[in-house]
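Asker: Mind looking at a prediction? Sequence and model below.
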Amino acid sequence: MALTKSDIVTKIHNLGFTKKKSVDIVEDLLEIIKRTLADSEDVLVSGFGKFCIKDKDQRRGRNPATGADLILRERKVVTFKCSGKLRNKINKLEN
């Protein structure tokens with residue numbers, strides 16, 4: 001089961017913040033991240049990972065429903081690379 005934005009708000013609320021303040025904290029943090037990525041800047045969270053903007057070139061693709069060939073336009077995508085600490089925690093190599 002995925003952790004949702006609502007779950008994060010609830011966890012922050014359980015730390016002693018009001019529900020409104022918890023919502024504001026989460027919304028403000030996500031807005032900062034979105035604005036930074038929209039400006040083509042990376043977001044580095046030490047001990048967690050790095051969100052990066054990558055340019056994807058135009059390429060040939062296929063419509064899976066019809067099988068028709070098409071050209072996918074060039075675009076930017078967000079990638080995430082987790083930190084070594086997070087990778088070790090996921091793999092249960094450290095507490």
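Answerer: Yep, that arrived. Numbers count the residues shown, from 1 in each chain.

Asker: use CA for all of it now, contacts and neighbours both
Answerer: Will do.

Asker: report the longest helix in the protein, please.
Answerer: helix 19-38 (DSSP state H).

Asker: which stretches of the chain form helices?
Answerer: 5-13, 19-38, 84-90.

Asker: And those helices: which comes nearest Gln58?
Answerer: Closest approach to Gln58 among those (Cα to Cα): helix 19-38, 20.0 Å.

Asker: contacting residues around the closest one?
Answerer: Identification of contacts with helix 19-38 by Cα atoms under 8 Å, 6 or more residues apart in numbering yields 5, 8-10, 12-13, 42-43, 51-53, 78.

Asker: tell me the angle that helix makes with helix 5-13.
Answerer: On the basis of axes from the mean of the first three to the mean of the last three Cα atoms, to 10 degrees, helix 19-38 is oriented at 120 degrees to helix 5-13.

Asker: re earlier: check which residues of the longest helix of the chain are buried.
Answerer: Neighbour counts over helix 19-38 (16 or more other Cα atoms under 10 Å) mark 22-23, 33, 37 as buried.

Asker: re the thing from before, for Leu72, which of the helices of the chain is the nearest?
Answerer: Across those, Leu72 has its closest neighbour in helix 19-38 (20.8 Å, Cα to Cα).

Asker: And the average pLDDT for the closest one is what?
Answerer: Averaging pLDDT along helix 19-38 gives 97.

Asker: again with stretch 70-81
Answerer: Stretch 70-81 carries an average pLDDT of 96.

Asker: How far does it stretch from one end to the other?
Answerer: 30 Å (Cα to Cα, to the nearest Å).

Asker: how about that stretch: buried residues?
Answerer: By 16+ other Cα under 10 Å, stretch 70-81 has no buried positions at all.

Asker: Enumerate every residue touching Leu72.
Answerer: Contact analysis of Leu72 by Cα under 8 Å, 6+ apart lists 58-61.

Asker: can you redo these as CSV with pLDDT, neighbour count and distance to Met1?
Answerer: As requested, the contacts of Leu72 are exported to CSV (pLDDT from 0 to 100; neighbours: other Cα atoms under 10 Å; distance: Cα to Cα, whole Å):
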residue, pLDDT, neighbour count, distance to Met1
Gln58, 96, 11, 35
Arg59, 95, 10, 34
Arg60, 95, 10, 34
Gly61, 94, 13, 31
